[in-house]
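Student: model this:
(one chain, ligands or ions: 1)
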Amino acid sequence: MTDDAGSAGFDDWMDALEAGDPYYIECANGHGSLPPRRICPECGEQSLSEEPLPDTGTVETFSTVHVPTPAFQDDAPYVTAIVDFGPVRVTGRVLDVAPEEVEHSLTVSLTSTKSETTDDRLIAFEPV
Ligand SMILES: [Zn+2]
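Tutor: Residues are numbered from 1 along each chain as shown. Next up is the predicted model:
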């Protein structure tokens, strides 16, 4: 067990992602989640460890956003997806593929991008 596991914030997690070292949080009972976590959201277990995230996942659901909130107005249209990485599901933006070509079970890897509107860092996926 690592005492600090799960205490890292979203920015720390994005740093790890950008460094090519994404991870997820696993509890002693094998439940996966994403940081920040102090306890397992599934079972309340407080013994958490950081585990390397699998290299690729598959698109579980997705939607194309044509009319975004003002925070993303310059980014539209874009595709957001929930990707199944096995132990965890990750929500992010799908890059480098036309909205009409995103499909269920598309294999993607995790990466990061920036909002064209706010310059904020975003979780993203690219086809492999
Ligand atoms: Zn758990």
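Student: Let's see the pLDDT reported for residue 100.
Tutor: pLDDT recorded at residue 100 is 87.
Student: Residue 110 pairs with what?
Tutor: Bridge pairing for residue 110 (DSSP bridges) gives the partners residue 125.
Student: Relative to residue 15, how far out is it?
Tutor: Counting by C-beta to C-beta, to the nearest Å, the separation of residue 110 from residue 15 is 14 Å. Using the backbone N, CA and C atoms, a C-beta is placed for each residue, glycine as well.
Student: With residue 46 instead?
Tutor: 24 Å.
Student: hang on, the earlier thing: which one of residue 110 and residue 15 is surrounded by more residues?
Tutor: Neighbour tally, residue 110 and residue 15, criterion other C-beta atoms under 10 Å: the higher count belongs to residue 110, 20 against 14.
Student: Next up, the contacts around that one.
Tutor: Shown in contact with residue 110 (C-beta atoms under 8 Å, 6 or more residues apart in numbering): 17, 22, 53, 57, 83, 85, 90, 92, 123-125.
Student: Kindly report the same for residue 58.
Tutor: By C-beta under 8 Å, 6+ apart, residue 58 lies in contact with 83-84, 105-108.
Student: The ion: which of the residues you listed is nearest?
Tutor: residue 84 (18.0 Å; C-beta to the ion).
Student: Surely that closest one is in contact with residue 57?
Tutor: Yes: Residue 84 lies in contact with residue 57 (C-beta atoms under 8 Å); the separation is 5.4 Å.
Student: Now do the SS call for the residue most central in space within the chain.
Tutor: With distances taken as C-alpha atoms, centre = their mean, residue 90 lies nearest the centre of the chain, 3.6 Å away. Per DSSP: H, G, I helix; E, B strand; the rest coil, the local secondary structure of residue 90 is strand.
Student: how close does it get to residue 77?
Tutor: For residue 90, the distance to residue 77 - C-beta to C-beta - is 21 Å.
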